[in-house]
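Undergrad: have a look; sequence and predicted model below, questions after that.
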There are 2 protein chains.
Amino acid sequence: MKPKIDYTLYLVTDRELMAAASIDECVEQAIMGGCTVVQLREKTASSREFYETALRVREVTAHLGVPLFINDRADIALAVGADGVHIGQGDLPYEAARRIVGPNKIVGVSASNLAEALEAIEQGADYLGVGAMFATGTKTDAALTSMDELRKIREKANLPIVAIGGINKETVPLFRGTGIDGIAVVSAIVSQKDATGAARELKSLFCGWRDS
Amino acid sequence: MKPKIDYTLYLVTDRELMAAASIDECVEQAIMGGCTVVQLREKTASSREFYETALRVREVTAHLGVPLFINDRADIALAVGADGVHIGQGDLPYEAARRIVGPNKIVGVSASNLAEALEAIEQGADYLGVGAMFATGTKTDAALTSMDELRKIREKANLPIVAIGGINKETVPLFRGTGIDGIAVVSAIVSQKDATGAARELKSLFCGWRDS
């Protein structure tokens, strides 16, 4: 059976941006501040480094009871027993990733517009990562998704939606009323010296209006 | 059951070096010249590009009856139904790759010295890619493996050995008497305008003394 996921505060790692000494330490700090799910993303590591990092992060997330997704690499997700894989539009197609990880893992899909979102829903994605919403240092070449497009996707999508891209304490309030299930955060957590405090603040901001 | 592989002339692709217009065309030309096995190696492509290229190359190799291995990516090997995966020392560890692809696929391992070879044999590798034997444009940072080391590995290894690294018509004769099962070739085939002729010449050189 697929695990039930709380998407509220979705951490995406970034080795280059992180303030902590290691990714597992960064993940631990973020979870202590309230991150509810973690995606391990490695864009330049060798497969061996990616695998070994994933093993260490897996220990932390399992210990703290938070699900772990692996970006792009279905093989590494399987190898470390992660809860799922997150695929972008340049990664393996949904069907191929699903065949590899089997029916009991989460497969999340990135969508930057309604057409991509509808395709992912049709294929059976478990959740959508929608964006990039705002310009960001981590994805400089990404075309931005408008709030209007996000609302259209929300209307059509009967599955969890996480917004991503340039989400920080200034931009979180802009999502009020969009009905998203969570915010995916990279630098506003990982590059902060106090990642725990940063996570706590973002979660409180998001939950403040979401629950009201 | 694992497929039976003829390792005699083992083609390793390289998108940057190839003279042909596409990798599948390059592979087809090489097989027409006598390549007996193909490893698709992609070092810079996105996962999607790698997967789509692998699907096209799979069609060619299946049509021509030649086995296909995928470099590094166990997930892509599974997704396209390749015959196996080839892992280097910086890729997934053997056990992880084997768990993912299952017992019926070939898992080959790169070894540059006797210690790495013995470890791979102990773990259960199906064949060894030994090298780099000579300096090469495709692997400039690799430490070279001596002919003496290759002979030591041959003595200890009761499984197929393919030599790799700088193998061309000048260096093929140097392997006489080493007892290797095949030569793995990159640029001496893929960068040639007449890849078919280049493959034919290398195979004939190698088989000439091997069979005598």
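TA: On my side now, so go ahead.
Undergrad: can you count the residues close to the closest residue to A:Ala198 other than its chain neighbours?
TA: Take A:Ala198 and drop its neighbours on the chain: the residue closest to it by Cβ to Cβ, 6 or more residues apart in numbering or on different chains is A:Gln192, 4.0 Å away. Heads up, the C-betas are built off the backbone N, CA and C, glycines and all. A:Gln192 has 23 neighbours, counted by other Cβ atoms under 10 Å in any protein chain shown.
Undergrad: same check on the one 3 residues further on?
TA: When neighbours are defined as other Cβ under 10 Å, A:Ala195 has 26 of them.
Undergrad: so the residue nearest to A:Ala198 touches A:Ala20, yeah?
TA: No - using Cβ atoms under 8 Å, A:Gln192 is not in contact with A:Ala20, being 9.4 Å away.
Undergrad: could I get the phi/psi values of A:Glu155?
TA: Note on A:Glu155: backbone dihedrals following degrees, to the nearest 10 are phi -60, psi -40.
Undergrad: count residues in the vicinity of it, would you?
TA: Neighbours of A:Glu155 using other Cβ under 10 Å come to 10.
Undergrad: next, the contact list for it, please.
TA: If you count contacts by Cβ atoms under 8 Å, 6 or more residues apart in numbering or on different chains, A:Glu155 has none.
Undergrad: state the distance from A:Thr130 to chain B.
TA: For the record, residue A:130 is Val, not Thr. For A:Val130, the distance to chain B equals 19 Å [Cβ to the nearest Cβ, to the nearest Å].
Undergrad: tell me the SS of the closest residue to A:Val66 other than its chain neighbours?
TA: Computed as Cβ to Cβ, 6+ apart, the closest residue to A:Val66 that is not its neighbour in sequence is A:Ile31, at 5.2 Å. Of the three states, A:Ile31 takes helix under DSSP: H, G, I helix; E, B strand; the rest coil.
Undergrad: can you check A:Glu201 too?
TA: helix.
Undergrad: quick one: the strands in chain A?
TA: A:9-12, A:37-40, A:68-71, A:84-87, A:106-111, A:127-130, A:161-164, A:182-185 (DSSP state E).
Undergrad: how about the longest helix seen in chain A and chain B, touching?
TA: For chain A, the helix that runs over the most residues, judged by DSSP state H, is helix A:47-64. Yes - using Cβ under 8 Å from any Cβ of the partner chain, we find that helix A:47-64 touches chain B at A:Ser47, A:Arg48, A:Glu49, A:Tyr51.
Undergrad: so which elements touch that helix?
TA: helix A:23-32, strand A:37-40, strand A:68-71, helix A:74-80 (3 or more Cβ pairs under 8 Å, 6 or more residues apart in numbering or on different chains; DSSP states H and E).
Undergrad: tell me the angle of it relative to helix A:23-32?
TA: Inter-element angle recorded for helix A:47-64 and helix A:23-32: 30 degrees (by axes from the mean of the first three to the mean of the last three Cα atoms, to 10 degrees).
Undergrad: what comes into contact with helix A:47-64?
TA: By Cβ under 8 Å, 6+ apart, helix A:47-64 touches A:13, A:22-24, A:27-28, A:31-32, A:38, A:40, A:42, A:45, A:67-68, A:70, A:73, A:76, A:79-82, B:72-73, B:89-93, B:96.
Undergrad: residue ranges with poor pLDDT in chain A?
TA: Scanning chain A with the threshold set as pLDDT under 70 gives A:137-142, A:210-212.
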